[in-house]
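In: here is the input, now give the coordinates:
(one chain, ligands or ions: 1)
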Amino acid sequence: MVRPAALDDAPAIARVHVASWRTTYRGMLPDDFLASLSAAQYAERWSRVIGEGSSRVYVVEEPEGIVGFASGGRERAGEGGFAGELYAIYVLDGSRRRGHGRELVRAVAEALREMKLPDMIVWVLRDNTDARQFYEHLGGVYVRSQPITIGTATLEEVSYGWQALDEIRY
Ligand SMILES: CC(C)(COP(=O)(O)OP(=O)(O)OC[C@H]1O[C@@H](n2cnc3c(N)ncnc32)[C@H](O)[C@@H]1OP(=O)(O)O)[C@@H](O)C(=O)NCCC(=O)NCCS
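Out: Numbers count the residues shown, from 1 in each chain. Presented below is the predicted three-dimensional model:
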């Protein structure tokens, strides 16, 4: 069910991306910001990301199509102690709690291993308790928190880390 993303998956990934942001971040991010997200713009962005190949992108499919995706690669911000990063993971509201998230993390972790990146960090909004519970369930250890600006909102984000990919508990 989980497979590497192809270039022509970009529009479906973008649709999942925008729909998940709107359901997940309602009440956390301003309504007008969420309303302004454009699947067409994200499709271009995802097409670029998949084409460049420096991030590894995976999708999960159900019979009706793509219902989730995840991406990862080299750690981006120079966080000490971490070389690998889970950049994004989104599963559509109606397809959660079926193990897709876990399988997407497994695919990204395998990609990090292939890239010789031995560990993994992920950043998540502090108030996104569902995702935080997911990372804690997978054995992620709280690293630190910092402010993040998204649109016009300044929020707090927290990070979870796995010092070794083998420490991810599926
Ligand atoms: C976080 C997310 C990717 C998890 O994906 P998922 O497919 O629902 O997760 P899984 O079914 O693989 O869950 C694996 C385990 O994690 C834990 N878990 C997952 N979601 C949880 C939740 N909402 N609350 C508590 N525990 C949760 C459970 O222990 C679960 O196992 P179980 O269902 O057998 O009890 C998904 O909920 C999602 O897309 N959320 C919205 C987007 C988001 O917040 N992304 C992260 C941004 S940093």
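In: which ones are touching R113?
Out: L165 (CB atoms under 8 Å, 6 or more residues apart in numbering). (C-beta placed from N, C-alpha, C; glycine too.)
In: can I get the CA coordinates of the host helix or strand of it in CSV?
Out: Using DSSP states H and E, R113 falls within helix 100-114. Taking Å, rounded to 0.1, in the frame of the first residue of the first chain, the C-alpha atoms of helix 100-114 are listed here in CSV:
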residue,chain,number,x,y,z
HIS,A,100,-0.9,4.1,7.4
GLY,A,101,1.1,6.5,9.5
ARG,A,102,3.2,3.8,10.9
GLU,A,103,3.9,2.3,7.4
LEU,A,104,4.8,5.7,6.0
VAL,A,105,7.3,6.3,8.9
ARG,A,106,8.7,2.8,8.2
ALA,A,107,9.3,3.7,4.5
VAL,A,108,10.9,7.1,5.3
ALA,A,109,13.2,5.4,8.0
GLU,A,110,14.2,2.9,5.4
ALA,A,111,15.1,5.7,3.0
LEU,A,112,17.1,7.5,5.7
ARG,A,113,19.0,4.2,6.3
GLU,A,114,19.8,4.0,2.5
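In: in it, what counts as buried?
Out: For helix 100-114, a neighbour-count test (16 or more other CB atoms under 10 Å) marks 100-101, 103-109, 111-112 as buried.
In: with stretch 73-89 instead?
Out: Those would be 73, 75, 79, 82, 84-89, for stretch 73-89 by 16+ other CB under 10 Å.
In: got it, and stretch 110-130?
Out: 111-112, 117, 119-125, 128.
In: got a list of what the residue in the chain that the ligand sits nearest to touches?
Out: The minimum distance from the chain to the ligand, using CB to the nearest ligand atom, falls at G101 (2.3 Å). Residues near G101 by CB under 8 Å, 6+ apart: 68, 89, 91, 134.
In: ok, for the last one, nearest residue in space, not its chain neighbours?
Out: In space, F134 comes closest to G101 once its chain neighbours are excluded; the distance is 5.8 Å by CB to CB, 6 or more residues apart in numbering.
In: what do you get for the second one?
Out: Leaving aside its sequence neighbours, I89 sits nearest to A70 (CB to CB, 6+ apart; 4.0 Å).
In: who does that neighbour bridge with?
Out: Y58, I89 (DSSP bridges).
In: confirm for me that it is in contact with V108.
Out: Yes - the criterion here is CB atoms under 8 Å, and A70 meets it with V108 at 5.2 Å.
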